[in-house]
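1. Here is my input; please provide its structure:
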Amino acid sequence: MSRIVCWFSCGAASAVATKLAIAKYGKENLIIARCVVQEEHFDNDRFADDCQKWFDHPITNMANEKYLGSIFEVFRKRQYIAGVSGAPCTLLLKKEVREKFQLPTDKHVFGYCAEEQDRWDSFLDANNIDAVSPLIDAGLEHKDCLAMVQNAGIELPTMYKLGYKHNNCIGCCKAQGGGYWNKIRKDFPYQFDRMAKVSRSMGVTLIREEGVRIFLDELTEGYGNYQEEPEIQCGIFCELAEREYK
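-> Predicted structure coming up:
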C-alpha cells in the first residue's frame, strides 16, 4: 500500500490536518514527518510531544544535516538570506528534506487552511505529487484549528500565545513588516540582533519602512502594527471535523 505522509510543522493547522488524516486513512502505512529547524521556539518540542500523544502515533523527526538544520548555516553557506528568488532556508531545510524522504507512491497531507485556497492551488501547480489538504476539504480556517487544538486539551505553542500568527522560526527572514520585527525585537532581542547583524554583514535589506527598504538595525522602534493576539474562534466546521476524528 502507498504511504500516507502527514507533514507536521508544529503548527495548529498541521496538527489538525494530521488528526483528520488519521481518522480517514488509519495508522497503517501512515507516517507523521517533521522537518526540525534549530531556530524554531524550543517549546515546539513540547507541543510535538503533546500532539504525538493526541495522535497516538509517533512523529518522525528529520533535518538537513548538511546545514545542521539551521537557517543561519544556510545563510552562511549560500551567502543569501531572502530576495526575489525567495528564501533558501525553506527550500533547503524543508522542501529538500521532504523530497529526499518521499517516495513516488506517497500520498502527502498538508495543513493548508480554507482561507489559503490560492496558496494551495499554487502549491499543487508547482509540485507534481499526490497531495491532499483535509482542512480545505472540511472548510476549516486557521482560527478554527487553534480552537480545536485547545479543545483537545493541548496547550498552544508559545509563539501563538505571544500573539504571532504563525509558528515559524523566531524572526522569519521572509517577513517584511516593521510591526512584526519590532515585536521580535521586544520579545526576542537576541534573535533580532542576530538577524540584524547577519543581514547587515551580507548587505541584505530585509524590510521596508515608509516604502523604503532598510536594514533591520535601521528600523524605528514602535514602527508598524502587528496584531497582538491570535483570533481564536470555533464554528460549525470544527464540530463536524471533531466528530470525524473522535
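
2. quick one, strands of this protein?
-> Remark: strands assigned in the chain by DSSP state E are 4-7, 30-35, 59-62, 107-109, 130-132, 207-209, 212-214.

3. deepest of the ones you listed, which one?
-> With neighbours taken as mean count of other C-beta atoms under 10 Å, the strands of the chain reach their highest mean count in strand 4-7, at a mean of 24. Just so you know, the C-beta spots here come from the backbone N, C-alpha and C atoms, and that holds for glycine as well.

4. export that strand as CSV, just CAs?
-> Presented in CSV, the C-alpha positions along strand 4-7 are these (Å, rounded to 0.1, in the frame of the first residue of the first chain):
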residue,chain,number,x,y,z
ILE,A,4,0.3,8.4,3.8
VAL,A,5,2.8,11.1,4.8
CYS,A,6,1.5,13.8,7.1
TRP,A,7,3.8,16.8,7.2
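
5. Name the surrounding residues that touch it.
-> 14, 17-18, 21-22, 25, 29-35, 98, 101-102, 106-111 (C-beta atoms under 8 Å, 6 or more residues apart in numbering).

6. what do you get for stretch 167-178?
-> Everything outside stretch 167-178 that qualifies as a contact, by C-beta under 8 Å, 6+ apart, is 9-12, 37, 39-41, 44, 71, 75, 81-82, 86-87, 89-90, 157, 159-160, 166, 180-181, 184, 188, 191-192, 194-195, 199, 206-209, 219-220, 223-224, 226.

7. for stretch 49-69, same thing?
-> Residues contacting stretch 49-69 (C-beta under 8 Å, 6+ apart): 8, 10, 15, 18-19, 22, 27, 30-38, 48, 73-74, 77, 92-93, 96-97, 101, 152, 154-155.

8. Tell me where the protein has helices.
-> With DSSP state H as the criterion, the chain has helices at 12-25, 43-55, 71-78, 88-90, 96-101, 117-126, 134-138, 142-151, 158-161, 178-187, 189-201, 236-245.

9. Let me have those in JSON lines, extended by mean pLDDT.
-> As requested, the helices of the chain are exported to JSON lines (pLDDT from 0 to 100):
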{"stretch": "helix 12-25", "mean pLDDT": "97"}
{"stretch": "helix 43-55", "mean pLDDT": "98"}
{"stretch": "helix 71-78", "mean pLDDT": "94"}
{"stretch": "helix 88-90", "mean pLDDT": "86"}
{"stretch": "helix 96-101", "mean pLDDT": "92"}
{"stretch": "helix 117-126", "mean pLDDT": "90"}
{"stretch": "helix 134-138", "mean pLDDT": "97"}
{"stretch": "helix 142-151", "mean pLDDT": "94"}
{"stretch": "helix 158-161", "mean pLDDT": "93"}
{"stretch": "helix 178-187", "mean pLDDT": "94"}
{"stretch": "helix 189-201", "mean pLDDT": "96"}
{"stretch": "helix 236-245", "mean pLDDT": "60"}
